[in-house]
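K.L.:
Show me how the following folds:
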Amino acid sequence: MVRQTGPGVAVVTVALLLGSVGCGGQGIGDGKGGDRPGATATPSTGPSGPSSSPQASSSPQASPSGDDAKPVAGDVLPGMVSAAVARTQLAALTVGKPGTMAGYSRAKFTHWAEQGNKCDTRETVLKRDGANVSQDSECRAVSGNWKSLYDGESVTEAAKLDIDHMVPLAEGWRSGAAGWDAAKRKAFANDLTRPQLLAVSASSNRSKGDQSPDQWQPTDRSSWCQYGRAWTTVKSHYGLTVTEAERATLTTMIDTCAS
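P.N.:
So this is what the prediction gives:
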């Protein structure tokens with residue numbers, strides 16, 4: 001048997017050779033499969049480490065200072081940022097004592113500005129924040145459904161709503177707006193891009209007045225996450241100052257956000 005030669009030996013030899021090639025091919029295939037997680041570390045995907053998963057590396061990270069940071073699901077206001085971005089913004093705000101009210105007048109913050117199609121800023125916010133809102137030929141809201149963020153109240157009459165400035169005009173004045181020109185004050189009072197304006201129940205808005213978060217908080221605690229982030233984002237964008245007490249309360253509010 002050992003000395004047997006002929007076609008049978010040739011067949012065995014060929015089979016052995018093919019088997020060794022097949023193992024090499026499988027090894028190469030496994031190598032490619034094993035390299036896939038590491039593919040996320042290529043220059044085109046940014047500085048993610050080898051432990052990053054492909055899904056995580058394909059999703060862009062929000063810029064702490066960018067206005068285009070993605071809002072958290074469930075937010076009702078425009079221009080919202082995540083809790084992490086809000087914390088970064090808050091840490092960067094200048095802490096100072098409130099300025100005086102000397103020279104303040106609401107008339108120095110032109111509102112409500114015309115937004116086109118006979119609509120002013122107030123009517124635009126009412127339309128944006130409500131559901132099934134009907135408007136007349138003058139853009140006035142004649143019917144609709146709204147939910148007030150501050151107290152959770154459901155409202156069906158526009159007359160029972162106020163358009164609140166998240167950072168009140170007087171608070172803006174005390175924290176830096178006193179030194180602005182008229183154009184910047186107008187932009188602040190009519191800002192539809194950032195979370196500065198919202199429709200809320202008249203009673204909650206008047207309870208708030210021009211108070212900062214350390215002095216007044218929404219009675220509906222489920223709104224604190226949005227309130228803290230919105231206030232911080234507006235102050236960050238406009239370069240307004242905060243007090244120590246204000247910053248501490250904003251931190252508490254942002255900490256209510258679900259992780």
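
K.L.:
Quick one: low-confidence residue ranges for this structure.
P.N.:
1-73, 259 (pLDDT under 70).

K.L.:
hmm, try it at 80
P.N.:
Along the chain, segments meeting pLDDT under 80 span 1-74, 259.

K.L.:
how much space between the spatially most central residue of it and D191?
P.N.:
Among the residues of the chain, the one closest to the centroid is V81, at 1.9 Å (CA atoms, centre = their mean). As judged by CB to CB, to the nearest Å, V81 and D191 stand 15 Å apart. Placement of C-beta: from N, CA and C, glycine included.

K.L.:
Could you pull out the helices in the stretch 1-150 of the chain for me?
P.N.:
Here the stretch 1-150 of the chain has its helices, by DSSP state H, counting those that start in this stretch, at 7-35, 54-58, 83-92, 121-129.

K.L.:
and the last one, how far from the chain's centre?
P.N.:
Centroid separation for helix 121-129 versus its chain: 20 Å, with CA atoms, centre = their mean, to the nearest Å.

K.L.:
For that helix, buried residues please.
P.N.:
T121, R122, E123, T124, V125, L126, K127, D129 (16 or more other CB atoms under 10 Å).

K.L.:
pull the CA atoms of that helix into PDB?
P.N.:
Extracted in PDB, the C-alpha atoms of helix 121-129 (Å, rounded to 0.1, in the frame of the first residue of the first chain):
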ATOM      1  CA  THR A 121     -44.700  87.500  14.800                       C
ATOM      2  CA  ARG A 122     -47.500  86.800  17.300                       C
ATOM      3  CA  GLU A 123     -49.800  85.200  14.700                       C
ATOM      4  CA  THR A 124     -46.900  83.200  13.200                       C
ATOM      5  CA  VAL A 125     -46.100  81.700  16.600                       C
ATOM      6  CA  LEU A 126     -49.800  80.900  17.300                       C
ATOM      7  CA  LYS A 127     -50.000  79.100  14.000                       C
ATOM      8  CA  ARG A 128     -46.700  77.200  14.600                       C
ATOM      9  CA  ASP A 129     -47.400  76.100  18.100                       C
END
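
K.L.:
what comes into contact with it?
P.N.:
76, 78, 111-113, 115, 119, 133, 135, 139-141, 144, 146, 158, 161, 163, 189-190, 192, 197-199 (CB atoms under 8 Å, 6 or more residues apart in numbering).
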